[in-house]
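Participant: Got a sequence here, can you model it:
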Amino acid sequence: MRQHKVQGQRNLHPHLDTYKMLCAGKKSYFAAAVCIITVTSMLAVSYLRLQRLSHQPKVIQEGRRCRGKIANSTITALKGNKTFIISPYFDERESKVTRLIGIVHHEDVKQLYCWFCCQPNGKIYVSKAKIDVHSDRFGFPYGAADIVCLEPENCNPTHVSVHQSPHGNIDQLPRFEIKNRKAETFSVDFTVCISAMFGNYNNVLQFIQSMEMYKILGAQKVVIYKNNCSHLMEKVLKFYVEEGTVEIIPWPINSHLRVSSKWHFMQDGTHIGYYGQITALNDCIYRNMERSKFVVLNDADEIILPLKHPNWKTMMNSLQEQNPGTSVFLFENHIFPETVSSRMFNISSWNTVPGVNILQHVYREPDRKDVINPRKMIVDPRKVIQTSVHSVLRAYGNSANVPMDVALIYHCRKALQRDLPRESLIRDTTLWRYNSSLIMNVNKVLSQTMLQAQE
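Facilitator: Residues are numbered from 1 along each chain as shown. As a prediction, this is how the structure comes out:
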């Protein structure tokens with residue numbers, strides 16, 4: 001480090017010489033201003049070069065074998081540090097880096113270092129990390145973070161360790177497998193990411209209906225970050241995992257942090273909002289970056305319903321044609337209160353299943369004056385750098401709001417406008433277009449899961 005600083009100081013002297021050459025003898029204010037701007041720019045370039053040098057990987061040991069214990073938990077706490085690692089991902093969109101999705105204390109974590117062990121030569125490289133805490137913390141002390149490290153030029157490391165110091169014993173540090181190292185052809189068109197299933201979740205019927213609607217609309221994969229759920233819900237998840245539709249990511253965040261079930265900080269001593277939802281969403285995007293053409297970000301009680309197209313594929317083809325260069329498509333959320341029911345589709349065999357029957361809820365709340373409806377997204381994951389819940393924070397390409405006459409989010413939940421009479425609600429039976437396939441598919445799942453549950 002000291003060598004780099006000395007070298008940097010030497011590199012500043014030519015700029016002083018340049019200043020004398022450019023500015024000596026200049027009398028006008030304009031000439032003086034030009035000189036100041038020129039020299040300031042040169043100093044800024046030198047500073048950025050020094051910063052870049054400080055983050056370059058450096059060899060600290062040679063002839064070593066990589067022996068650290070490989071981490072196999074979804075969330076790994078770093079010892080003596082307010083840092084939690086979810087997973088590292090290879091990212092070469094701008095430069096050759098390892099990007100670790102993590103959770104950090106936004107004030108107390110000042111510096112981290114990536115330790116790369118390169119085989120077969122056994123060289124250990126240490127690279128100073130850039131810690132980028134996401135802007136959407138909503139007041140909580142802990143937040144989602146990108147921990148970004150430049151990789152060694154002549155090495156494609158398969159694993160990385162993270163430490164708060166550039167000194168130590170790599171054998172004592174957990175090793176994390178770097179995902180997305182190999183580019184893959186897309187195995188699916190649409191992956192749905194559902195973050196943070198928690199609170200002993202037991203809305204079984206609505207969950208099955210949502211899953212079957214996702215499949216009808218074109219999803220081949222649903223990734224669920226599961227904290228906990230009911231015993232019956234476990235049976236349903238097991239069915240979908242065995243079917244090949246669902247991938248479960250264990251999400252024991254409350255084993256590490258005091259979690260809130262609310263999205264904004266309430267001064268109640270909690271550490272992170274909504275069970276770490278934002279971190280899970282970012283991990284889901286990177287996890288599916290090389291295997292899914294699109295990623296759908298919504299909750300289990302939300303369905304993006306096309307109004308002009310039969311499914312997501314034809315809808316997205318049309319939207320991409322109309323919006324070239326767009327990588328993020330935002331769909332407006334509309335509440336269909338679960339307290340207002342239709343008499344249609346009152347299927348007796350479903351009445352014993354816990355949860356809401358969405359086919360009976362086709363009345364949506366009208367827009368509120370001066371209130372913007374939140375949105376959820378379908379994104380090209382390879383163009384997203386960071387996401388929040390209702391918009392992306394950083395991405396390549398544009399974002400586009402999808403008009404309501406093209407698609408909307410059907411969101412069946414408790415009413416937001418509780419005092420509205422029934423006649424003030426808007427009857428919207430778009431969901432019923434799919435009723436035949438949906439009923440048949442739900443009955444098939446129930447026949448297998450409910451029978452197993454009774455055994």
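Participant: what's the following helix or strand after the lengthiest strand in the chain?
Facilitator: The longest strand of the chain (DSSP state E) is strand 326-337. Where DSSP states H and E defines the elements, the next helix or strand beyond strand 326-337 is strand 363-364.
Participant: average model confidence for that following strand?
Facilitator: The average pLDDT within strand 363-364 is 96.
Participant: mind listing what that strand pairs with, with the direction of each?
Facilitator: Strand 363-364 pairs in its sheet with strand 426-427 (antiparallel), by DSSP bridges.
Participant: now residue 318, nearest residue through space, not along the chain?
Facilitator: Setting aside the residues directly before and after it, residue 318 is nearest to residue 309 in space (Cβ to Cβ, 6 or more residues apart in numbering), at 6.5 Å. For every residue, glycine as well, the C-beta is placed using N, CA and C.
Participant: Let's verify the most centrally placed residue in the chain: helix, strand, or coil?
Facilitator: When Cα atoms, centre = their mean is applied to the chain, the residue found nearest the centroid is residue 282 (1.5 Å). Following DSSP: H, G, I helix; E, B strand; the rest coil, we place residue 282 in the helix state.
Participant: I'd like to know how far it sits from residue 148.
Facilitator: 13 Å (Cβ to Cβ, to the nearest Å).
Participant: quick one on the thing from earlier: I'd say the residue nearest to the centre of the chain and residue 385 touch.
Facilitator: No. The criterion here is Cβ atoms under 8 Å, and residue 282 misses it with residue 385 at 9.3 Å.
Participant: shared neighbours, those two?
Facilitator: Listed contacts common to residue 282 and residue 385 are residue 146; contacts here mean Cβ atoms under 8 Å, 6 or more residues apart in numbering.
Participant: End to end on stretch 260-272, go ahead and measure it.
Facilitator: 6 Å (Cα to Cα, to the nearest Å).
Participant: ranges for the strands of the stretch 151-300 of the chain?
Facilitator: Assigned by DSSP state E, counting those that start in this stretch, the strands in the stretch 151-300 of the chain fall at 159-163, 176-177, 188-197, 221-226, 246-250, 292-297.
Participant: Can you name the residues bridging to residue 83?
Facilitator: residue 104.
Participant: whoops, residue 336 was the one
Facilitator: Note on residue 336: beta-bridge partners by DSSP bridges are residue 412.
Participant: quick one on the thing from earlier: figure out how far the longest strand of the chain is from the centre of its chain.
Facilitator: In terms of Cα atoms, centre = their mean, to the nearest Å, the centre of strand 326-337 is found 17 Å from the chain centre.
Participant: got it, and stretch 346-365?
Facilitator: The chain centroid and the centroid of stretch 346-365 are separated by 31 Å, computed with Cα atoms, centre = their mean.
Participant: sorry, back to before: quick one: closest of the strands of the stretch 151-300 of the chain to residue 368.
Facilitator: Nearest to residue 368 among these is strand 292-297 (23.5 Å), distances taken as Cβ to Cβ.
Participant: That closest one pairs with which strands, parallel or anti?
Facilitator: As defined by DSSP bridges, the strand partners of strand 292-297 come to strand 188-197 (parallel), strand 375-379 (antiparallel).
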